[in-house]
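Participant: model the following, please.
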Amino acid sequence: MKVVCCALVTLVLTGCILTPTGLEKEDVSLFSLQQLAAQNQACQCKTTQQMARWGGKILSATALADKMKLEILSMPVLPITAQPNLQVKPDGRFIAYLPQFIDPEILKDQYITVKGILTGYQQGKIDLHDYEYPMVQGQHYQLWHLVAEEYYDADEMADWRKERAKGFLFWKPDPKVRFKLAKYE
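Facilitator: As a prediction, the model looks like this:
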């Protein structure tokens, strides 16, 4: 009975962390800028017209006549949730075009996952350095924002339980803070 209950709870909780609609990894061939660089080096060409699912931090947003242009600091995307992985070093930059207007102030310093077609490359600069940006024509996207979460270190909680058993009722460790991404709904 315990095994069945644990299995049901696991299934329910797994359903809570599904990939956002449209960002599923089916039909995607490019999952990171490193993978794109490896393909370009292998074929000595500029790979285009492949489906990409990339994410990262939005560095700048420009409203064009009928779409948005975003410069994004690329971070690998987590396979199940499609969130940019904050624990991994960024691996470059790319430009994403979204098919609708979003106020650029809303997008500043937020995180995003984009799924779309790699359409080519655009020359640009990062300060004084020349840089070639891969361009993605976004079909689906999800915005993310940082939220603070308090937690207790397991070792400190073990110490707290030992001290409490000795009669020290009022001491409790201070919570630590970590940041995670949450969806904009």
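Participant: so what are the sheet partners of whichever strand or helix holds Glu71 and their directions?
Facilitator: Element membership for Glu71 (DSSP states H and E) is strand 68-75. Sheet pairing for strand 68-75, assigned by DSSP bridges, gives strand 51-63 (antiparallel), strand 93-98 (antiparallel).
Participant: what average pLDDT does the longest strand anywhere in the chain get?
Facilitator: In the chain, taking DSSP state E as the definition, the longest strand is strand 129-151. Here strand 129-151 scores 93 as its mean pLDDT.
Participant: oh, and call the first residue 46 from now on, that's how I've got it
Facilitator: All set: I'll call the first residue 46, so the last point we hit is now strand 174-196.
Participant: okay, now the domains of this structure?
Facilitator: 78-189, 194-228 (the TED database).
Participant: okay if I get these as JSON lines plus distance to Thr64 and mean neighbour count?
Facilitator: The way it works is simple: take the backbone N, C-alpha and C, and place the C-beta from them, glycine included. Listed next are those as JSON lines, based on distance: least, C-beta to C-beta, whole Å; neighbours: other C-beta atoms under 10 Å:
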{"stretch": "domain 78-189", "distance to Thr64": "5", "mean neighbour count": "16"}
{"stretch": "domain 194-228", "distance to Thr64": "11", "mean neighbour count": "11"}
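Participant: which stretch in those domains has the least confidence?
Facilitator: domain 194-228 (a mean of 75).
Participant: and the end-to-end length of it?
Facilitator: Counting by C-alpha to C-alpha, to the nearest Å, you get 15 Å between the two ends of domain 194-228.
Participant: likewise for stretch 74-82?
Facilitator: Span of stretch 74-82 from end to end, C-alpha to C-alpha: 13 Å.
Participant: can you give the distance of it from its chain's centre?
Facilitator: 15 Å (C-alpha atoms, centre = their mean, to the nearest Å).
Participant: same question, stretch 178-198
Facilitator: With C-alpha atoms, centre = their mean, you get 4 Å for stretch 178-198.
Participant: for Gly169, give its distance to Asn130.
Facilitator: Taking C-beta to C-beta, to the nearest Å as the criterion, Gly169 is separated from Asn130 by 25 Å.
Participant: swap in Glu177?
Facilitator: Distance, Glu177 to Asn130, using C-beta to C-beta: 24 Å.
Participant: and for Ala141?
Facilitator: 18 Å.
Participant: repeat that for Ile162.
Facilitator: 23 Å.
Participant: ok, Ala106 next?
Facilitator: Distance, Ala106 to Asn130, using C-beta to C-beta: 22 Å.
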